[in-house]
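**Q** Got a predicted model here, sequence first, then my questions.
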Amino acid sequence: MPTTPVTAASSSPNGVQESIMLELVDEDGNTIGTAEKLAAHQAPGQLHRAFSVFLFDEQGRLLIQRRALGKYHSPGVWSNTCCGHPYPGEAPFAAAARRTYEELGISPTLLAEAGTVRYNHPDPESGLVEQEYNHLFVGLAQAALRPDPAEIGDTAFVTPDELAERHRSAPFSAWFMTVLDAARPAVRELTGSAGGW
């Protein structure tokens, strides 16, 4: 696997995993400190900065991903195009573009801010808690996907009706509907009548 800012930060030269730090924030999104990633997600959770990306194709279909089975949090469930956490001091926009490339092998087109949402979602399967101040982004996926199998088990482009059917029949991340609903105004602006979102 090529060395990226993520792999450089998470693995030492001898291959030993090192802690990834997250940016803790107050209720207004102001930085108040840092915490180790796993510790921030252990109950009751620490409020931290995150991002969620929603990319669409030219037909207005949403790109969703099924998280790899090896993920420590919410493995094997469907979720939005990409989500993650900025490094402390990293701009959420830069983090969103970076992680989209690292996970999917593409650089988003017309990536734009779509607001923020704050939520508290426990994950019953793992016992971990998502206490997040989440920065939302929408854009287009206009290149062939090259998913990293360590991050992504599957991908699909879906219409609103296809998403609703899949959401009824397959497990999704605890945060998915919260972030999608918060991003809908920007999604509608991006896709216009093409998407029907």
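**A** Cool, got the structure.

**Q** now the top helix by length along the chain, how far from the centre of its chain.
**A** When the chain is parsed with DSSP state H, its longest helix is helix 176-191. A distance of 14 Å separates the C-alpha centroid of helix 176-191 from that of its chain, computed with Cα atoms, centre = their mean, to the nearest Å.

**Q** In that helix, which residues are buried?
**A** Judged by neighbour count using 16 or more other Cβ atoms under 10 Å, the buried positions of helix 176-191 are Phe176, Thr178, Val179, Leu180, Ala182, Ala183, Arg184, Ala186, Val187, Leu190, Thr191. For the C-beta atoms, the positions are set from N, CA and C on the backbone; glycine is no exception.

**Q** wait, which of these is closest to Ala164?
**A** Here the nearest of the buried residues of helix 176-191 to Ala164, counting by Cβ to Cβ, is Leu180; it sits at 11.2 Å.

**Q** For the closest residue to that closest one other than its chain neighbours, give me its contacts.
**A** What sits nearest to Leu180 in space, not counting adjacent residues and going by Cβ to Cβ, 6 or more residues apart in numbering, is Asn80, at 6.6 Å. The neighbourhood of Asn80, defined by Cβ atoms under 8 Å, 6 or more residues apart in numbering, consists of Ser52, Val53, Phe54, Leu62, Ile64, Gln65, Ser173, Phe176, Val179, Leu180.

**Q** can you put those residues in TSV and add pLDDT and distance to Gln42?
**A** Listed next are the contacts of Asn80 as TSV, based on pLDDT from 0 to 100; distance: Cβ to Cβ, whole Å:
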residue	pLDDT	distance to Gln42
Ser52	98	21
Val53	98	25
Phe54	98	28
Leu62	97	31
Ile64	98	27
Gln65	98	25
Ser173	92	18
Phe176	96	21
Val179	97	21
Leu180	97	26
